[in-house]
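S.K.: everything below, folded, please.
(chains A and B)
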Amino acid sequence: MIPSLTDDPQYFSEEHREFRRQLRKYVENEIVPHVDEWEKAGMFPSDLFKELGKRGFLGGRYPVEHGGSGGDYFFLCILAEELGRCRSGGVSMGVLAHTEFGLNIISKIGSPELIEEIVKPALLGEKICAICVSEPDAGSDVAGIKTTAKRDGDYYVINGSKTFITNGTRADYLTMAVKTDLAKGHHGISFFAFPTKLDPGGTKGFHVSKSLKKIGMHSSDTGLLSFDNCRIPRKYLLGEENKGFYYIMKNFQGERLAAAVMSNMRGRIGLEDTWKYMGERQIFGKFQKQFQVLRHLMADMVARQLASECMSYQTVKLYMNTSEPPTKEISMAKMYATETCQWINDRCLQIHGGMGYIDETYISRSWRDSRLSTIGGGATEVMKEVISKLVMK
Amino acid sequence: MEDFYSAEEKLLREQATKFILEKVRPRVEEWEKTGEMPKSIFKEFAAQGFLGILVPEEYGGSNAGPKAFLAFSDAFELSTSAGVGAAIAMHAGIVTRLVAELASDPIKKKIIPPSVKGDIVGALGLTEPNAGSDLASLTTNVRREGDYYVLNGTKTFITNGCWCDYVLVLCRQEGTKGYEGMNLLLVERNSPGFSVSRRIETLGWRPSQTGELVFENVRVPAGNILGKEGKGFQQIMRALEWERLMMAHQSLRKAEIALDMTMKFVAEREQFGKPIAAFQNTRHVIAECATRIEVGRALVKEAVKRHLAHEESEAFAASAKLLCCEDAQWILDRCLQLHGGYGYTMEFPIQRLWRDHRLFTIGGGTSEVQREILARILDR
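M.R.: All right, here's what the predicted structure looks like:
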């Protein structure tokens, strides 16, 4: 058995554990039986948001006034971990893109009106959200954003395009970074909660240009979106104009931490499944788990897995207990967890041999899904830039 | 990350850092060159109270606890010589502590106070020419004769071996095998039949007096047994786990010190018209090193917490020993690389950290043994 911290009382109270038990049961009974179908369809059904929302799984860590349960960040960790157990990365990613990446900033800086209009129904899964930053020419480098919003009386007019948007083909609201001042680089970015269904048939000028095909994360839809003179009321501006970069720095750290926790679970499940497989598969007259090189490889993976979990959980605790997000530790946790998860899944696929290359084996999907983790949410190379600036003074 | 140490432990680290930088570090180059440091160094450490950190007050210690010892080790790593650290940590971090935990009262009274004062030095005799990580196959033999144990065998790679005043010898009762039937005996240097057969030259750890010890019909008073007869191995299991945790912790500290040195070096050293710190590759290598140190610390913190609370700690301790010692080796190698040609000269301390650290994936249970331990945990 691989030792685990997921019930450790230093992080998880009885309330957390109950939340985990209920969610685990729901995932086993209501999600697992359908994931193969969703993977094939390229999308999980939007009803899943509602089902999770009405059971209170989406709002665990949100304030009660926003329709959440008022819990701490470990509730989000549990959501990321237990959804991961469905063994379809797209499900965890789609749900987290909605409830964490998309909603977090609205909950933090949105007006009371937007909390009512967006956050409350979204935590019930009745509205779907997405985070909308990347563009064809700007990803990790947000200063390069070219989509613009121009003030016109009580409206903003939005032009440009966004890509790689998880939930993008069906989101009701896009938490979107745009330029309100093109000359200012980082300091010309603003955030909007862009409504996609303002007019009957969709906000005028807004189009889903394409649903993008991807290497993995097949149960999650990914959109290429275009904005052609979209007029949206001023109230959808989040916070103040041109402060977007500051909001990113302050509010996107949780996304990275969630990515770390999600990756840890993907690594852990890969290890559990692989160890089980090693006990069933015989080769040269012995079970795979009797071969020393495979045992030692497992040991190396377990050591890194435990290290990554300790790092992520301790960082979550630090994140909860400090006023400024601990950017260095979060960047390290994100980089380490995602790189480790990818390495573990690759080695686990190797241990599966030919079976690992076959679609019906979970590890092949997990391998595909894990490939994104070192790219999305701040690529490893970006994490290294951040870390080196913080450690080399 | 959240504070690992208490305020007292931090104070101790500060005091020790000052002592190491002022009184030890300036002499290290000389000791390393000759391979000799004065044995009186133990008295100097003792005068500061460092040798009694793990010893109860009634025997002259401060009983400040295991985490205090880790804080102290953060300081002694700054000597940049693992030989110094190893000699001190073996004596004060492991041997004296075992005596304090397991010996009879008369032995405690005789051995511990002078150990805490640095008047006598202890060693631990586990490894034999044909039994290292595989302690179950050790053959040093003991038989009872009246009020004595009679000891025969050879122990090798013994830190503090050449100058030890006493050594704890793990030995086998006749007719036993495996992990059963071992005794842990305290053997004093002046016992007839005890000899240091040779000093062993090593790649690193030069001032630590690594030696081979021979026991020929050494008559050890029966009262010198530590703990129970036949349970020698089981009794030191916890001390061995503690040793692993110390090694994991010290590995990261050494890596951190090397990384600090390297960051200074790359800021000053110019190539192609700019400091090599300005090259993206340099910065990314340093980011990777810093990350592995921080992640390792998170693992060690959890492992130490479990060990001290007597919670399930085996997997965490083995993981920490494996990962931190291996990662530190990689980090030290990268740091040497960033020093370029200077890293290969004997003029910069990075070469010594690199050489000294090479033992950490071997001693205290090799990396391979840690992997075996982890795989067996998976079997359960």
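
S.K.: residue contacts, residue 133?
M.R.: All of this is about chain A. A:139, A:142, A:145, A:162, A:176, A:177, A:248 (CB atoms under 8 Å, 6 or more residues apart in numbering or on different chains). The way it works is simple: take the backbone N, C-alpha and C, and place the C-beta from them, glycine included.

S.K.: should've been chain B
M.R.: B:365, B:366, B:368, B:369.

S.K.: between the contacts of residue A:133, which is nearest chain B?
M.R.: residue A:139 (18.0 Å; CB to the nearest CB).

S.K.: in three-state terms, label the residue nearest to that closest one when sequence neighbours are not counted for me.
M.R.: Distances taken as CB to CB, 6 or more residues apart in numbering or on different chains put residue A:164 closest to residue A:139, at 7.4 Å, once the chain neighbours are dropped. What DSSP: H, G, I helix; E, B strand; the rest coil gives for residue A:164 is strand.

S.K.: any idea how far stretch A:139-157 is from the middle of the chain?
M.R.: The chain centroid and the centroid of stretch A:139-157 are separated by 24 Å under CA atoms, centre = their mean, to the nearest Å.

S.K.: hey, where'd the helices end up in the stretch 1-150 of chain B?
M.R.: For the stretch 1-150 of chain B, helices defined by DSSP state H, counting those that start in this stretch occupy the ranges B:7-19, B:25-34, B:41-47, B:66-76, B:82-88, B:96-102, B:105-117.

S.K.: quick one: these as CSV, columns for mean pLDDT too.
M.R.: Output for the helices of the stretch 1-150 of chain B, formatted as CSV (pLDDT from 0 to 100):
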stretch, mean pLDDT
helix B:7-19, 97
helix B:25-34, 96
helix B:41-47, 98
helix B:66-76, 97
helix B:82-88, 96
helix B:96-102, 96
helix B:105-117, 97
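
S.K.: is it possible to get TSV of the ones you listed that adds distance to residue A:155 and mean neighbour count?
M.R.: Below are the helices of the stretch 1-150 of chain B laid out as TSV (distance: least, CB to CB, whole Å; neighbours: other CB atoms under 10 Å in any protein chain shown):
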stretch	distance to residue A:155	mean neighbour count
helix B:7-19	58	17
helix B:25-34	68	15
helix B:41-47	75	19
helix B:66-76	60	23
helix B:82-88	69	26
helix B:96-102	74	22
helix B:105-117	79	18
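
S.K.: quick one: closest of those to chain A.
M.R.: Using CB to the nearest CB, the nearest of the helices of the stretch 1-150 of chain B to chain A is helix B:66-76, at 16.4 Å.

S.K.: now do the phi/psi pair for the closest residue to residue B:314 other than its chain neighbours.
M.R.: Nearest non-adjacent residue to residue B:314, counting by CB to CB, 6+ apart: residue B:377, 6.4 Å away. Per-residue torsions, residue B:377: phi -70, psi -40 (degrees, to the nearest 10).

S.K.: count residues in the vicinity of residue A:264, would you?
M.R.: Neighbour count of residue A:264, defined by other CB atoms under 10 Å in any protein chain shown: 30.

S.K.: tell me the confidence at it?
M.R.: pLDDT for residue A:264: 98.

S.K.: helix or strand: which one has it?
M.R.: Per DSSP states H and E: residue A:264 is located in helix A:253-280.

S.K.: need the residues that contact whatever helix or strand comes next after that helix.
M.R.: Downstream of helix A:253-280, the first helix or strand assigned by DSSP H and E is strand A:282-283. For strand A:282-283, the external contacting residues (CB under 8 Å, 6+ apart) are A:288, A:291.

S.K.: for the very next helix or strand once past strand A:282-283, packing partners?
M.R.: Moving toward the C-terminus from strand A:282-283, the next helix or strand (DSSP H and E) is strand A:286-287. If contacts are counted by 3 or more CB pairs under 8 Å, 6 or more residues apart in numbering or on different chains; DSSP states H and E, strand A:286-287 sits against helix A:253-280.

S.K.: ok, which stretches of the stretch 51-200 of chain A are helices?
M.R.: Going by DSSP H, counting those that start in this stretch, the stretch 51-200 of chain A shows helices at A:73-84, A:89-96, A:103-109, A:112-114, A:120-123.

S.K.: which of these sits most buried?
M.R.: Of all the helices of the stretch 51-200 of chain A, helix A:89-96 carries the top mean neighbour count, a mean of 27, counting by mean count of other CB atoms under 10 Å in any protein chain shown.

S.K.: residues contacting the closest residue to residue B:202 other than its chain neighbours?
M.R.: Take residue B:202 and drop its neighbours on the chain: the residue closest to it by CB to CB, 6+ apart is residue B:210, 5.4 Å away. Neighbouring residues of residue B:210 by CB under 8 Å, 6+ apart: B:157, B:158, B:159, B:161, B:162, B:199, B:200, B:202.

S.K.: residues contacting residue A:118?
M.R.: Residue A:118 neighbours (CB under 8 Å, 6+ apart): A:103, A:106, A:110, A:127, A:129, A:173, A:193.

S.K.: between all of those, which two are separated the most?
M.R.: Maximum pairwise distance in those, criterion CB to CB, is 13.0 Å, between A:110 and A:127.

S.K.: so residue 374: helix, strand or coil?
M.R.: You didn't say which chain, so I picked chain A. Assignment for residue A:374 (three-state DSSP): coil.

S.K.: my read: it touches residue A:380, true?
M.R.: Yes: in this structure, residue A:374 is within contact of residue A:380 by CB atoms under 8 Å, at 4.6 Å.

S.K.: the more surrounded of the two?
M.R.: residue A:374 (23 against 20).

S.K.: for that one, give me its contacts.
M.R.: A:335, A:338, A:339, A:342, A:380.

S.K.: up against chain B, what does the stretch 251-393 of chain A have?
M.R.: A:275, A:289, A:295-296, A:298-300, A:302-304, A:306-308, A:310-311, A:314-315, A:317-318, A:321, A:328-329, A:332-333, A:335-336, A:381, A:383-385, A:387-388, A:391-392 (CB under 8 Å from any CB of the partner chain).

S.K.: apply 7 Å and report the result again.
M.R.: Counting by CB under 7 Å from any CB of the partner chain, the positions of the stretch 251-393 of chain A adjacent to chain B are A:275, A:295-296, A:298-300, A:302-304, A:306-308, A:310-311, A:314, A:317-318, A:329, A:332, A:335-336, A:384, A:387-388, A:391-392.

S.K.: could you measure from residue A:235 over to chain B?
M.R.: 41 Å (CB to the nearest CB, to the nearest Å).

S.K.: for that residue, grab phi and psi.
M.R.: phi -60, psi -20.

S.K.: if I look at the closest residue in space to it that isn't next to it in sequence, how far off is residue B:214?
M.R.: What sits nearest to residue A:235 in space, not counting adjacent residues and going by CB to CB, 6+ apart, is residue A:113, at 6.0 Å. To residue B:214, residue A:113 is 86 Å away according to CB to CB, to the nearest Å.
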